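# need the 3D shape of this:
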Amino acid sequence: MTQAFKTCFLILILFPIALLMPHTSSAQEGSWHTSEKIEDRPLFTKYFSPQEFEERRDRVYDEIGSTGIAIIQGAAMPKGYTAFRQNNEFFYLSGIESPDAYLILDGSTRETTVYLQHRRERREYGEGKLLSFEDEDLVKELSGIDHVGSYEMLMEDLRTYNGMDEIGVAFTPQTPYEGYRMTRSMAVRHQQDVTENPLDTRPARYQNFITELESVAPDLAIRNLDPILDESRRIKSEAEIDLIKRSTDLQAAAIAEAIRSTEVGVKAYELEAAAKYIYQKYNMQDEAYYALIHVGPDAYMNHYHNSIRSAKSGDMLLMDYGGHYHYYSSDLARMWPANGKFNPVQTELYTFYLHIYEAILYNIESGLTPQQVMRKAVQEMDVILEETTFSDSLYEQAARDFVDGYRRQSENPEMRLGHGVGMSVHDVGDYTKPIEAGMVFVIEPQFRVPEERIYIRLEDMIIVTEEGVEIYSDYLPRDIESIENMMQEEGLLQKFPAEMQGLLDMPKQD
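Below is the predicted model:
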């Protein structure tokens, strides 16, 4: 038996015994616990006022008109031991986090009804309270929603709307709903995979809902609510931006911890563990997408994940990650060398890329179109290109191709600089429009040298307010000197007991 195994064995044996040892405290003598409240979990979001949800619904009323209703289906209760999370579309208009709920916005009265399940007392006994139909007064008080209905009332109201001369249109989402770790494009991709499977004929949940709606209210014309919600979500409120900033701060801390924890031999899942510690410690809801932690040439596949290789001295690492903080996400990317020092080739190409990246980043201005930003940036890129000395003609050609690609983009008036970030990490909305207050987005230029499978990408959170454009994540180091200095600091992984790691790496014995 090795010394490492003996040490770890003692830890595993003695730790449970320590937990059973009596603890004395004068504040706790004579009582089982000192906590008085049964439950602290809020029943309604504390980050948005009822008035903000009302303002969002007002924008929908304005768009659907007095002859329309909007009807939104909430998320279903998940299977198994998975925490419920409301879909983005439903939460955005209501703030209600009860499963299998429905929402109707009546354009003729400009009033909203939320339809909830009846109380399930046995479930609440074991899992805690959820807002239900029986909480009508409480729901109105917390949310500011006008009316609360049951499932029975939902069906009755739909039939009533179907027979009303003054209501002729029902607006509802016509793309897959967004939930945890979900973007619209990924949801659509999933549905395409299902469609191509000859033995899986399930419709998407939103499609099934439309079919049922047409059956209950056949005289109502079904229209797409997505463009209305997408445009509303493109411009963030101050409360939304506060949550996005909080998400960004936590994500920056997670990447910084991964940088500090890096050493030769580290694996992607170890760096992900360090990042997720930050998530758990500060109550992130969940990751916005699976961690993209690339080791060496794996980065060339820009969405490669679940890498198991160990980082070798001379490898570059790329971490692209983001988390959900109370329904609002972040999206950041940084690169660094596994051994803590950029070698000459890494310094050459990374420095060139960083200058190109910042040429775009610092030319972003309120009022400009993406095309105008890019035209200004390309002028700077040409100067950077000519002032850079490349050690290999292969690198120089790749750099010229990189800049020429942006030159071609700058000729397209419909180009985008990157993608929006908000409730979804690739948020909805038209980002070809001029830059204006309330927009939050990232840029992520991708520089490649195909022959050597070299790939470089950075990503920062850009927040536009009335005061101008803020590169909010600028404080997370991008420059070589600061990255190398951060890598000299002790990271979380260095504090992990080596004895336990040695035990886990040992082959099983008969």
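
# ok, for Gly179, nearest residue in space, not its chain neighbours?
Asn87 (5.2 Å; CB to CB, 6 or more residues apart in numbering). For glycine as for every other residue, the C-beta is placed from the backbone atoms N, C-alpha and C.

# what is the neighbour count of that neighbour?
23 (other CB atoms under 10 Å).

# CA atoms only: put the lengthiest helix in the chain into CSV for me.
Longest helix of the chain, by residue count under DSSP state H: helix 238-261. C-alpha atoms of helix 238-261 as CSV (Å, rounded to 0.1, in the frame of the first residue of the first chain):
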residue,chain,number,x,y,z
GLU,A,238,-31.0,48.8,-16.8
ALA,A,239,-32.2,45.8,-14.7
GLU,A,240,-31.3,43.4,-17.5
ILE,A,241,-27.9,45.0,-18.0
ASP,A,242,-27.2,44.7,-14.2
LEU,A,243,-27.8,41.0,-14.4
ILE,A,244,-25.6,40.7,-17.5
LYS,A,245,-22.8,42.5,-15.8
ARG,A,246,-23.1,40.2,-12.8
SER,A,247,-23.0,37.2,-15.1
THR,A,248,-19.9,38.6,-16.8
ASP,A,249,-18.1,39.3,-13.6
LEU,A,250,-18.6,35.7,-12.5
GLN,A,251,-17.6,34.4,-15.8
ALA,A,252,-14.4,36.5,-15.8
ALA,A,253,-13.6,35.2,-12.4
ALA,A,254,-14.1,31.7,-13.6
ILE,A,255,-11.7,32.1,-16.6
ALA,A,256,-9.2,33.9,-14.4
GLU,A,257,-9.3,30.9,-12.0
ALA,A,258,-8.7,28.5,-14.9
ILE,A,259,-5.7,30.6,-16.1
ARG,A,260,-4.2,30.6,-12.6
SER,A,261,-4.8,26.8,-12.2
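
# all numbers from here: first residue = 3
Got it, first residue is 3 now, which makes that one helix 240-263.

# show me which residues of it are buried.
242-243, 245-263 (16 or more other CB atoms under 10 Å).

# give me the low-pLDDT residue ranges for this protein?
3-31, 41, 499-512 (pLDDT under 70).

# find the centremost residue of it, please.
Closest to where the C-alpha atoms of the chain average out (CA atoms, centre = their mean) is Ala290, at 3.0 Å.

# surely it touches Arg183?
Yes - assessed by CB atoms under 8 Å, Ala290 is found in contact with Arg183 at 6.5 Å.

# find residues that contact each of these two.
By the contact definition CB atoms under 8 Å, 6 or more residues apart in numbering, Ala290 and Arg183 are jointly contacted by no residue.

# what segments of the stretch 403-512 of the chain are strands?
421-422, 442-444, 448-451, 456-459, 464-467, 470-473 (DSSP state E, counting those that start in this stretch).

# also the stretch 53-202 of the chain?
So, for the stretch 53-202 of the chain - with DSSP E, counting those that start in this stretch - the strands run 70-75, 104-108, 113-117, 149-151, 171-174.

# just those strands: most buried one?
Neighbour counts (mean count of other CB atoms under 10 Å) averaged over each of the strands of the stretch 53-202 of the chain peak at strand 70-75, with a mean of 24.

# what packs against that strand?
helix 90-96, strand 104-108, strand 171-174, helix 207-218 (3 or more CB pairs under 8 Å, 6 or more residues apart in numbering; DSSP states H and E).

# mind redoing it with 6 Å?
Counting contacts by 3 or more CB pairs under 6 Å, 6 or more residues apart in numbering; DSSP states H and E, strand 70-75 is packed against strand 104-108, strand 171-174.

# starting at the chain centroid, how far to the last one?
I take that to be strand 171-174. Remark: strand 171-174 is offset 28 Å from the chain centroid, using CA atoms, centre = their mean, to the nearest Å.

# same question for stretch 74-81.
On CA atoms, centre = their mean, the centre of stretch 74-81 falls 19 Å from the chain's centre.

# same deal with stretch 313-327?
Worked out by CA atoms, centre = their mean, stretch 313-327 lies 17 Å from the chain centre.

# next, the distance between the ends of that stretch.
End-to-end distance for stretch 313-327, by CA to CA, to the nearest Å: 30 Å.

# repeat that for stretch 287-305.
For stretch 287-305, the end-to-end distance is 22 Å (CA to CA).

# likewise for stretch 143-163?
Terminal-residue distance, stretch 143-163 (CA to CA): 26 Å.

# near Ile280, how many other residues are there?
Going by other CB under 10 Å, the residues that sit close to Ile280 add up to 21.

# what helix or strand is it located in?
Secondary structure from DSSP states H and E places Ile280 in helix 270-283.

# identify the residues contacting Pro482.
Rather than Pro, residue 482 is Ile. Phe344 (CB atoms under 6 Å, 6 or more residues apart in numbering).

# I should have written Phe93 there, sorry.
Tyr329.

# Met321 contacts Val297, doesn't it?
No - judged on CB atoms under 6 Å, Met321 makes no contact with Val297 at a distance of 10.2 Å.

# would you format the helices and strands packed on strand 70-75 as TSV with distance to Arg122 included?
Below are these laid out as TSV (distance: least, CB to CB, whole Å):
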stretch	distance to Arg122
strand 104-108	17
strand 171-174	26
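
# of all those strands, which one comes closest to Leu118?
strand 104-108 (8.4 Å; CB to CB).

# outside of the closest one, which residues touch it?
So strand 104-108 is in contact with 59, 62, 71-75, 96, 114-117, 156, going by CB under 6 Å, 6+ apart.

# cutoff 10 Å now
59-60, 62-63, 66, 68, 70-76, 91-92, 95-96, 98, 113-118, 147-149, 151, 153, 156, 159-160, 163, 169, 172-173, 211, 227 (CB atoms under 10 Å, 6 or more residues apart in numbering).

# residues touching Ile151, list them.
No, residue 151 isn't Ile; it's Gly. Here Gly151 is in contact with Tyr104, Ile106, Thr115, Val116, Tyr117, Leu118, Phe135, Glu138, Met157, Glu158, Asp159 (CB under 10 Å, 6+ apart).
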